[in-house]
Every structure is written in C-alpha cells, then in structure tokens.
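J.: My questions are about this predicted structure, shown below with the sequence.
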Amino acid sequence: MRVPPGVSASDFAEAIKQFQEAVGKEWVFTSAEDVALYRDAYSPLMGEPNELVASAAVAPDGVEQVQKVVKIANRYKIPIYPVSTGKNLGYGGSAPVLSGSVVLDLKRMNRILEVNERNAYALVEPGVSYFDLYRYIQEKGLKLWVDVPDPGWGSPIGNSLDRGGGYLMPQYRNHFDSHCGMEVVLANGEVMRTGMGALPAAQTWQEYKSGFGPWIDGMFSQSNFGVVTKMGFWLMPEPDAYLSGTVIVPRHDDLIPLVNTLNYLENTRVTNGMPDLASPLLGIPMLSEFAARFDQGATPFDRPQDAELTALIAKAGGNMSPELDDYAQKKGIGYWSCKLSFYGATKANAANWAYAKEKFSAIPGVKFEEGDVYKLPLTAEQREKVHKPQFGIPSLAMFSIGARSAMNPEPSTGHMWFSPIIPRTGEAIFEANRVFAQAAKELGLPFLNFNLPSTYWERAFIFIFAFPVVKDIETNKKNVASFRKLIQVAADHGWGEYRTAPVFQDAIMNTYSFNNHALLHFHETVKDAIDPNGILSAGRYGIWPKHVREAKS
Amino acid sequence: MKNARVGLLLALSLMITAPAFAAPDQDQIEKGHKVYDKWCFPCHGTGLGKPGTDSLAARGQKPAVLEERTDLTVPAIKTFVRHGVLFMPMFRKTEVSDADLDAIAAYLTRNNKP
Ligand SMILES: Cc1cc2nc3c(=O)[nH]c(=O)nc-3n(C[C@H](O)[C@H](O)[C@H](O)COP(=O)(O)OP(=O)(O)OC[C@H]3O[C@@H](n4cnc5c(N)ncnc54)[C@H](O)[C@@H]3O)c2cc1C
C-alpha cells in the first residue's frame, strides 16, 4: 500500500483502521485496484512516475462522518483531498494535488435537502449531481431550471467550488456567484455555516447571501480551507418563452462594435441568454450548431473550407487581412456573427430583439437572421435538436468534441484546458489571437488560425484551448511544457487563467504575483492559521501548508 | 495510439475466452437497466448527441448501441467500466458499485446466445 508523504506506515495503518470505524469498512478503499479508480483519467502525466495519485479513498455518508475523518486525519497528519462528484475532467479529475493524499469521496452524500419552488432555490449535499437535481425537479413537476455545465454528471458543489460556468441567464451562469449559503467542516472538525446560516434559527439561509460581517464564502472556492458539506443555489424560474436571433456583420473590424453593442445589451439586460459568437467566414460554429456538426461526424474544430479561403487564412496567420474582407464580401458570407438568446415573456422577447436590432443597425452592412421561438417547456422534438444546457437540461453530449469520427479516426484519451481571461472587447480578441498564434508557431503547436472566446462571464471573455492528452508520454510532455510557456506568455500580456488542473496550479498562482506575491502570502497565512497540520487538499491552487513550503525552500 | 489498440485487443480476447455463464435472473436485468440508464445511456444511448454511440459507429461497430449488442461479455464490460477507454473515464465504486456493475453486465449480455 502507498503511504502518504511524511506519514509512517504504522500511523497510516492505524488511521485507516479508524477511518473504517468512522465510515464502515466497505467505504475505505485501499487495494491498488480500487485506488486506481481515483486516477485522473485525462491526466497529462498518466503513466509517468510523477502522476498525481491517491494512497487510499474514504467515502463518508454524512457530515458527522466527515468530521470524524477530518479529526483522525489531524491526529495522524494524513493529507486528505475532498471531491464532491470527482468529475473534474480536463481540470484534474478526482486525483489529489499532493500525491499520496487520501481522497475524501463525498459522492455518497447525495441528499437533496430542499428545493423551494416559490423562491427558486435548492440546498444540496456534495454528491448530488446536476442529473440528480434535474430529475428530482422533473419528478416533482416544479417549474424550475438548473444552470448546468456541459457535463451533467458533475455537481453544483464540485463545479462551483472550482468556479465553473453554465449557459442560462448571467446571474446563474457563474456557478459560484449563484450559490447562497454554505456549511463547511473546518480542518479541526468544527462545523460552520456561512451567510444567514450562522443565525441558528435562520429563515433565509438560501435567500440572502452575505449574512453579517465579513463575507467569507469565496475563500472556500479554488482553495483548501474547508470541506464543504452543504451549499444553497439560486435556481432560475422556468421562463414562459425563448427567442433567438443572429446578428451578422461583414468585415473583420466589425467585431469591435459588435462586442461593444453586445456588452451594452447584456449589461442592461436587454439580452439575457448566453451570447454565441461565431465566424461564418472562418467556419467557427455557434454552440447551437455543434449537435448538427457532431451528427455529421465533425467536431467544432473542423473547419470545412475551400482551397482559396484556406490559403487566404494561412497567409493572414491570425491577423487582419484585406483579402479576407474581400473574399467575405465576394461570397456574401459574414465575417462574424453573434446569436442572441432571450428568455422571458413572448412579447417581451420580441420587443427586446427588435431593440437589439436597432442598436446593431449602426454597423454598416449588418444583417439579421431570425432564429427559434419556443414556448416553454420544450417539446420532446425540440429537446432533441437544441444545445440542452441552454435550456437547463443536463447531458453528456459535449464529450463528442473528443469522439472518434470520420475526421478524427484516432481520438485522444482526454484533454487539458488552457483558459485565460481576456477583456470583453474586439481589440482583445484580435490581440489574443495574434499573441497566441505567434506563440503556437514558435512552440510548434497545431492550433487553429483563429479562435473566438467563450461568453460565460458577464464582464470578461475566456479564451479556451483544448490541449489533447494522448497515450504517448513524449507528446504529453511536450504539451505540458508548451502549456507552461503559454501561461507565461499570457501573464506577460496581463491575461491570467480562470481555473486550471493541478499540474499547472503552482505555475499559474505564481503569475498572480502583484507586490511580491502579497495575495499568495495572504492565502498561506490563512492556511497556516486554520489548518496548522496542513491536512486539507495540500497544494490546491498553489496553496501549500507550512511544512511543505519549508521542505521546498 | 498503439496502446489503445492493445487495450482493445485485450478486451476482444476477453470477449472470446470468457467462460459460459449462468443466465441472470430478471430482477438483476431490470436493476442493470436502471443503473445503465443513469450512468451509461447519456453516452451510449440512441438519438442525437450520444458520444459513445457515435464513437463506436465511427469505428464501424454494428450495432453501435451497447444495449443492442449480443457479443459483449461480462469480463469485457467490467474491464471497460473500471479502466475507461478514450474519453470514457473509469467509474469509481461510489458511482457504480460492484453490485451495480454485475447488474449492468447482466443487462448488456441478456440477449447473448449461450
Ligand atoms: C467535454 C467537457 C466539457 C466541459 N464543460 C464544462 C462547462 O461547460 N462548464 C464547466 O464549468 N466545466 C466544464 N467542464 C469541466 C468539468 O468537467 C466540470 O466543471 C465538472 O462539473 C467538474 O467536476 P465536478 O462537478 O465533479 O467537481 P469535483 O471534481 O467534485 O470538484 C472539483 C474540485 O473542487 C474541490 N472540491 C469539490 N468538492 C469539494 C468539497 N465538498 N469541499 C472542498 N473542496 C471540494 C476539489 O478540489 C475538487 O477536485 C467540461 C469538461 C469536459 C470534459
């Protein structure tokens, strides 16, 4: 049996025995075969000696059991690593950051404690998946939508603690922002509730976020300060109707006013669904076109183009080129497009779309395409063709981006996401493309010539690149090295990642270094104070306990 | 990519050399169907946006839907579920327990010729 670093074999054996007493023998996994199920299936270090792996796993079934496990871990200084549903594929899976940690698998804590239809919120345990919550709401016939990320088998708690995102209205899309109230088991085993939950007779734990005094919820996301055992989330009341429409602009430089107008319309809530940027000219599809593409055996990364266009794009190399503008004009293809979504009353949606068209009409040559109008809920037939998360329906369809297809006969075994945040402007999109195209060329990466950012967040774009993970160790090594270089390139331009896999967490935290790493020093001070033995998720997001920092320096 | 093929060959050989099994009972098959619907259907089901089915279809597998197969064996199913393949990750026992996996295997082999 693998033993956690710095722990004696006898202490570990004793701790395992006590874990078994705490949660039941069958819920402590120690055989090599069972522990291997906690490997990160998409790890770029898969099969290498430095792959991040667990020593054991413990699966409690309630907050009291979590408290017991944490206390035992403290007694024997065992590093433990809590996961909720452990489906963080592309960002680390269910493997720990410090190899040899014991994974605290909270999947069995899967109770939906409350769903309130009238005031639209839920209170859940960590093991509740988006599928579970959706099914529960459907079975009870509640008129509520859950904002889901693409993979529906993750959890509101796990996803939001890693600060993931989804697809409905802006106030729900940012999953951490849409939470309201937490219960946390601290490193000493104490249970704490945040926000209004600190009031013993609280009536509004899931209705008023900040409670009284410092609002500390953010400290439990992308961190290692506690084990979250309950969390509330605001849900979206089912709207009456949905409408979409697409704005198409003809020239390269039109992206700038396109984004400016989009921002205005979003920030004034004229459009309230997730905007969907695309390029008809460059063959960059809208999200809503993915399903049809998958059906044709293509991925969103395939860019079917005629030879003339391919040559022009290659020549431009991610830059503006008058020839591409001319080609778009000649063929009557829009350079950029943005699909807007509206949730609300049928009449209000139509009026908001009409107003949006008025605003975009300031861009010469703009065209509009009417999209879909749905009375909600969707019919079975409509459900089949939409991008389900945009209607609060969990699915696993997005895994098709990596699937075997006619165009991709030897698919990868996983991927890692490089995802820097850039300003929400057209200029920033151009600049990021120029910089990353140049870097990709120097690093020999097969990146596409042009990439459009995702619009999850209200006030900034995320630029997402998927690096493939393959069976070949050398290729993975090369990609990990390139990824590290891109982190630095991005930081040099003032762009930082919003989230990352354990392999890169130190490197990225290191770029958030204003005033000699003042922010990291603050995290470390907190860590040392509330988890003096450093047992919780050592190394997560670059925050290491004192004994590890000292050993390193 | 070579290793992926080796994995596949291994699984195929398991399919061929698997011992004959006792016919599972109906309850077990029904339980397996339920667990399958929860954990496998979103990728291996029928209809648009089923990446497991699409992937197998692209490989030339007929039928591509696991529930329609008559050639899968219990050990092969278990190997895939506990080791994963391509972007299908392995499943932990807190997700699909050994008992659940027995039931899934019973369900997916229900139409096999003895
Ligand atoms: C094809 C594909 C598409 C994807 N699309 C999206 C998307 O649209 N949006 C998105 O956000 N992500 C996306 N992802 C990334 C990822 O799959 C999801 O974010 C997923 O929800 C994360 O896994 P999880 O919910 O099981 O969280 P977990 O794995 O349970 O948790 C993530 C991390 O949070 C910490 N943590 C979890 N629970 C606790 C707890 N109770 N206490 C303390 N710490 C805890 C742990 O460090 C853990 O490693 C995608 C991935 C793939 C492969």
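T.: In hand now; what should we look at?

J.: Going by C-alpha atoms from here, please, whenever you check contacts or count neighbours.
T.: Fine.

J.: Give me the pLDDT for residue A:154.
T.: What the model reports as pLDDT for residue A:154 is 98.

J.: How about the contacts made by residue A:52?
T.: Contacts for residue A:52 (CA atoms under 8 Å, 6 or more residues apart in numbering or on different chains) come out as A:39, A:40, A:45, A:95, A:96, A:97, A:98, A:99, A:100.

J.: quick one: it is in a helix?
T.: No. According to DSSP: H, G, I helix; E, B strand; the rest coil, residue A:52 belongs to no helix; its state is coil.

J.: how much space between it and residue B:89?
T.: Residue A:52 is 16 Å from residue B:89, where distance means CA to CA, to the nearest Å.

J.: Any idea which helix or strand in the chain has the lowest mean pLDDT?
T.: No chain in the question, so chain A it is. The helix or strand of chain A with the lowest confidence, counting by mean pLDDT, DSSP states H and E, is helix A:287-295 at a mean of 78.

J.: sorry, should have said chain B
T.: The weakest-scoring helix or strand in chain B, judged by mean pLDDT, DSSP H and E, is helix B:2-17 (a mean of 44).

J.: Get me the contact residues on chain A for the ligand.
T.: For chain A, the residues found near the ligand under the criterion CA under 6 Å from any ligand atom are A:82-90, A:93-94, A:126, A:149-151, A:154-155, A:157-159, A:161-162, A:164-166, A:226-229, A:398-399.

J.: contacting residues for residue A:151?
T.: Contacts for residue A:151 were tallied using CA under 8 Å, 6+ apart; they are A:394, A:395, A:396, A:397, A:398, A:399.

J.: Tell me the spacing between whatever residue of the stretch 301-450 of chain A ends up closest to the ligand and chain B.
T.: Going by CA to the nearest ligand atom, the ligand is nearest to residue A:399 of the stretch 301-450 of chain A, at 4.2 Å. Per CA to the nearest CA, to the nearest Å, residue A:399 is found 6 Å from chain B.

J.: Around that residue, how many other residues sit close by?
T.: Using other CA atoms under 10 Å in any protein chain shown, residue A:399 has 18 neighbouring residues.

J.: okay, the residue nearest to the spatial centre of chain B: pLDDT?
T.: Nearest residue to the geometric centre of chain B (CA atoms, centre = their mean): residue B:77, 4.1 Å. Residue B:77 is assigned a pLDDT of 98 by the prediction.

J.: looking at this, it is in a strand?
T.: No. The assignment for residue B:77, made by three-state DSSP, is helix rather than a strand.

J.: secondary structure class for residue B:112?
T.: When classified by three-state DSSP, residue B:112 comes out as coil.

J.: Residue A:62 versus residue A:196, what's the distance?
T.: In terms of CA to CA, residue A:196 sits 22 Å off from residue A:62.

J.: more neighbours, these two?
T.: Relative neighbour count places residue A:196 above the other of residue A:196 and residue A:62, with 22 against 16, counting by other CA under 10 Å.

J.: what's the spacing between the more buried one and chain B?
T.: With CA to the nearest CA as the criterion, residue A:196 and chain B are 32 Å apart.

J.: For that residue, give me its contacts.
T.: When contacts are counted by CA under 8 Å, 6+ apart, residue A:196 is found next to A:181, A:202, A:203, A:204, A:205, A:206, A:208, A:209, A:210, A:211, A:212.
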